[in-house]
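Visitor: structure of the sequence below:
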Amino acid sequence: VQCWGSNGDGQLADGTTIYRLTPVLVSGITTATSVSAGGSMSGSHTCALLADGTVQSWGYNANGQLGDGTTTNRLTPVLVSGITTATSVSAGGGHTCATLADGTVQCWGYNDKGQLGDGTTTHRPTPVLVSGITTATSVSTGGAHTCAMLADGTVQCWGYNLDGRLGDGTKTNRLTPVLVSGITTATSVSAGGSHNCAMLADGTVQCWGVNVNSQLGDGTTTSSNIPVQVSNITTATSVSAGYDFNCATLAGDTVQCWGYNDKGQLGNNATTSSNIPVQVLGITTTTSVSAGGSSGGGGVPGTIVPLRSADTLSDVEIAGIAVGCIAFVIILTLIGLCVRSRRRADDKLRARLGIPTRGAPVAVTPQQPQVIVIQT
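Guide: All right, here's what the predicted structure looks like:
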């Protein structure tokens, strides 16, 4: 694993807290299969799934989000306690979750809104079992909520439910999982800062939760506590929810994005938010997309980062509130670098790098992307 960017909490895992403008090797990890970066205004952390089913974490740990039984920040990876059969891992705002080979989900870290799903609001420095889930195929962590896709195509969510981000038709926080209304054929789910999106088997996308910045893509700015269909998308092959915008790859290898666009994160050469999907300019050979954070004074310039067709990139996840830019590298040469800063440090880092706001895909330089696209 190689990481670069903001490093105030040790989230780059090179044993320092020095910002890095070029990739540095994460100490001691040689068998990673996926990586996930999470964080909040307080700090950021990173987790990697290893080939043997264990998970290692590093960075900010004030609420136990590293899962090593402590609340000590870590500048190098530590083993998450008790997990040996993980199949996926997702780092959220202040918590982390993993799916296990037996279909269960375990979570750890911050739990003020019940985002760990164990029926309590007690912070946990080691993994606890999410109540009632036994057939999970994936898990995605948001700012203070979590969603899991189940083998039967349904989705369950838990945690903070302001403006209906759990999708159960209420605005009541849930300490254990509840079924997302009306979704029975999901093929993937992605949790954003305060909303979620699911791709369905027919190629459509449905989103639910906060919509003040048009992140639901249904042509309105009305929040919804049940899923609504994203306008004009019928051939989606992947979807990724960012902090307050989303992107989807389509069958024709194009990318469409919708939601907040103050820094050009929709990639359409504009800075006007859009409540329906707009096409990202200049991208025609996409295989996957990942949307990151963007909102408020801490947002960073949005750009698209292409990779050469000869490159191999496996499972890069950037949480909607992630800080730092992480890539899992297998014999990989990046043609560009990305740097993300914590919101509280964004102005300082931007000034250091002299980074302008860009509204459309640009040639990759050491800048700060909000969307990462893998091209063939």
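Visitor: now the strands: where do they sit in the stretch 51-200 of the chain?
Guide: Remark: strands of the stretch 51-200 of the chain, listed N- to C-terminal, are 55-59, 74-79, 86-91, 95-100, 105-109, 124-129, 136-141, 145-150, 155-159, 174-179, 186-191, 195-200; assignment by DSSP state E, counting those that start in this stretch.
Visitor: could you do the stretch 201-350 of the chain as well?
Guide: Counting by DSSP E, counting those that start in this stretch, the stretch 201-350 of the chain forms strands over residues 205-209, 224-229, 236-241, 245-250, 255-259, 274-279, 286-291, 304-305, 316-318, 325-327, given from the N-terminal end onward.
Visitor: partners of the fifth one in the sheet?
Guide: By that I understand strand 255-259. Within its sheet, strand 255-259 is paired with strand 245-250 (antiparallel), strand 274-279 (antiparallel), according to DSSP bridges.
Visitor: just those: most buried one?
Guide: When you average the neighbours per residue for each of these (mean count of other CB atoms under 10 Å), strand 245-250 leads with a mean of 28. Where you see a C-beta, it was placed from the backbone N, CA and C, and this is true even at glycine.
Visitor: ok and it relative to strand 205-209, angle-wise?
Guide: For strand 245-250 against strand 205-209, the angle between stretch directions is 170 degrees (axes from the mean of the first three to the mean of the last three CA atoms, to 10 degrees).
Visitor: distance between strand 245-250 and the chain's centre?
Guide: Averaging C-alpha positions (CA atoms, centre = their mean, to the nearest Å) puts strand 245-250 13 Å from its chain's average.
Visitor: and what of stretch 157-172?
Guide: With CA atoms, centre = their mean as the basis, stretch 157-172 stands 19 Å off its chain's centre.
Visitor: identify the residues contacting that stretch?
Guide: For stretch 157-172, the external contacting residues (CB atoms under 8 Å, 6 or more residues apart in numbering) are 113-117, 130, 142-148, 155, 173-181, 183, 191, 194-196, 208-211, 223-227.
Visitor: quick check: buried residues in it?
Guide: Burial within stretch 157-172, assessed by neighbour count using 16 or more other CB atoms under 10 Å, is assigned to 157-169.
Visitor: can you list the strands of the stretch 51-200 of the chain in a markdown table and add distance to residue 31 and mean pLDDT?
Guide: Rendered in a markdown table, the data for the strands of the stretch 51-200 of the chain read as follows (distance: least, CB to CB, whole Å; pLDDT from 0 to 100):
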| stretch | distance to residue 31 | mean pLDDT |
| --- | --- | --- |
| strand 55-59 | 10 | 98 |
| strand 74-79 | 12 | 98 |
| strand 86-91 | 13 | 97 |
| strand 95-100 | 16 | 98 |
| strand 105-109 | 20 | 99 |
| strand 124-129 | 20 | 99 |
| strand 136-141 | 21 | 98 |
| strand 145-150 | 25 | 98 |
| strand 155-159 | 30 | 99 |
| strand 174-179 | 31 | 99 |
| strand 186-191 | 25 | 98 |
| strand 195-200 | 29 | 98 |
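Visitor: could these be laid out in TSV, adding distance to residue 263?
Guide: Compiled in TSV, those are given as follows (distance: least, CB to CB, whole Å):
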stretch	distance to residue 263
strand 55-59	24
strand 74-79	30
strand 86-91	23
strand 95-100	27
strand 105-109	28
strand 124-129	35
strand 136-141	23
strand 145-150	24
strand 155-159	27
strand 174-179	33
strand 186-191	20
strand 195-200	18
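Visitor: what's the closest non-adjacent residue to residue 142?
Guide: Nearest-residue entry for residue 142: residue 191, 3.5 Å, with adjacent residues in sequence omitted and distances by CB to CB, 6 or more residues apart in numbering.
Visitor: quick revisit: make JSON lines from the strands of the stretch 201-350 of the chain and add distance to residue 3 and mean pLDDT to it.
Guide: Below are the strands of the stretch 201-350 of the chain laid out as JSON lines (distance: least, CB to CB, whole Å; pLDDT from 0 to 100):
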{"stretch": "strand 205-209", "distance to residue 3": "29", "mean pLDDT": "99"}
{"stretch": "strand 224-229", "distance to residue 3": "34", "mean pLDDT": "99"}
{"stretch": "strand 236-241", "distance to residue 3": "19", "mean pLDDT": "95"}
{"stretch": "strand 245-250", "distance to residue 3": "22", "mean pLDDT": "95"}
{"stretch": "strand 255-259", "distance to residue 3": "24", "mean pLDDT": "96"}
{"stretch": "strand 274-279", "distance to residue 3": "31", "mean pLDDT": "97"}
{"stretch": "strand 286-291", "distance to residue 3": "15", "mean pLDDT": "72"}
{"stretch": "strand 304-305", "distance to residue 3": "15", "mean pLDDT": "37"}
{"stretch": "strand 316-318", "distance to residue 3": "11", "mean pLDDT": "39"}
{"stretch": "strand 325-327", "distance to residue 3": "5", "mean pLDDT": "37"}
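Visitor: tell me which of those lies nearest to residue 45.
Guide: Shortest separation from residue 45 across the strands of the stretch 201-350 of the chain is recorded for strand 325-327, at 10.6 Å, computed as CB to CB.
Visitor: number of nearby residues for residue 213?
Guide: Close neighbours of residue 213, defined as other CB atoms under 10 Å, add up to 23.
Visitor: quick one: contacts for the closest residue to residue 164 other than its chain neighbours?
Guide: Among residues not flanking residue 164 along the chain, residue 225 sits closest, at 2.4 Å (CB to CB, 6+ apart). The contact partners of residue 225, by CB under 8 Å, 6+ apart, come to 161, 163-164, 166-171, 208-209.
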